[in-house]
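Novice: sequence and predicted structure below; questions after.
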Amino acid sequence: MKIAIHQPNFCPWLGYFDKAAKSDIFVILDNVQYEKNCYTNRTMIKTPKGKEWITMSIKKKFPQLVKDVEFANFVQDRDKILKTIECNYKKVKGFKIVFPILQRIFGGEWKYLSGFNISLIRDFVNISEKKPQIEVASDYDFKGKSTELLIEICKKFKADTYLSGSGGEDYQEEEKFKEAGIKLEYNKFEHPTYEQLWGEFIPGLSVIDYLFNTTI
């Protein structure tokens, strides 16, 4: 049983969903500290000027857990982001198919960033070919921190393999996984190249860039 674990990022990049697709269980880690200037409330799209951030504003109450982060003005930000997306992608081939999906996903009003992001992630996973079982960490009473938390989650779901992002090599205590009898693998993701508007290809953008440009 292979498990992957990641925080609930906002409209994540393709590597996020590649890791989810390679796992049997994908755990959304919403019970850890929110970090400023990360991908939890922002992502990047492509515009005529190059990469551009789109951001959901939040109420700043540091420190706080990801699951407790509230939107500052959800409806206003949502409408602004949808307009920005429409302006920059209305000429791509997948616009008429993908944009109505985004309008549906963004529909309604949300109070908490994590709940909204998790809903987006579930919907994006549901339109992919490989659909792992999705679990949310705050639904369980996990007590560990850092590597111990990851091992605790693996044991809870009886996973014998933990699939980590490549960035995990910088902070994970690999020996502890070995001691727990859990195989540690690092995901090797090769970013596909696809046709984009406005010149040279830019990797690492939100999954929506890929969907707009490749959906027929």
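Specialist: Good, I have the coordinates.
Novice: and the contacts of the lengthiest helix in the chain?
Specialist: For the chain, the helix that runs over the most residues, judged by DSSP state H, is helix 74-89. The contact list for helix 74-89 (CB atoms under 8 Å, 6 or more residues apart in numbering) reads 45-48, 52, 54-57, 71, 95, 98-99, 102-103, 106, 109-111, 116, 208-209, 212. Using the backbone N, CA and C atoms, a C-beta is placed for each residue, glycine as well.
Novice: could you do stretch 195-208 as well?
Specialist: With contacts defined as CB under 8 Å, 6+ apart, stretch 195-208 is touched by 11-17, 43-48, 50-51, 54, 85, 89, 91-92, 98, 102, 124, 191, 193-194, 209, 213.
Novice: quick check: end-to-end length of it?
Specialist: Start-to-end span of stretch 195-208 (CA to CA, to the nearest Å) is 14 Å.
Novice: list the buried ones in it?
Specialist: Buried residues in stretch 195-208, counted by 16 or more other CB atoms under 10 Å: Gln196, Leu205, Ser206, Val207, Ile208.
Novice: show me the two of those that sit farthest apart.
Specialist: The span of the buried residues of stretch 195-208, defined through CB to CB, is set by Gln196 and Val207 at 13.7 Å.
Novice: pick the one among the buried residues of stretch 195-208 closest to Ser138.
Specialist: Closest to Ser138, out of all of the buried residues of stretch 195-208 and judged by CB to CB, is Val207, at 23.3 Å.
Novice: need phi/psi at the closest one.
Specialist: Dihedral pair for Val207: phi -60, psi -30, per degrees, to the nearest 10.
Novice: what comes up buried for stretch 28-45?
Specialist: 28-32, 34, 39-45.
Novice: so which two of those are the farthest from each other?
Specialist: Farthest pair in these, by CB to CB: Asn31 and Ile45, 28.9 Å.
Novice: in this protein, which ranges drop under the pLDDT threshold?
Specialist: Scanning the chain for pLDDT under 70 picks out 168-170.
Novice: can you tell me which of the contacts of stretch 195-208 are in helices?
Specialist: Using DSSP H, the contacts of stretch 195-208 in helices are Leu14, Gly15, Tyr16, Phe17, Ile85, Tyr89, Val98, Leu102, Phe124, Asp209, Asn213.
Novice: as CSV, those residues with neighbour count and distance to Glu174 would be great.
Specialist: Listed next are those as CSV, based on neighbours: other CB atoms under 10 Å; distance: CB to CB, whole Å:
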residue, neighbour count, distance to Glu174
Leu14, 19, 26
Gly15, 18, 21
Tyr16, 22, 22
Phe17, 19, 25
Ile85, 23, 40
Tyr89, 22, 41
Val98, 21, 40
Leu102, 20, 39
Phe124, 19, 30
Asp209, 27, 34
Asn213, 20, 37
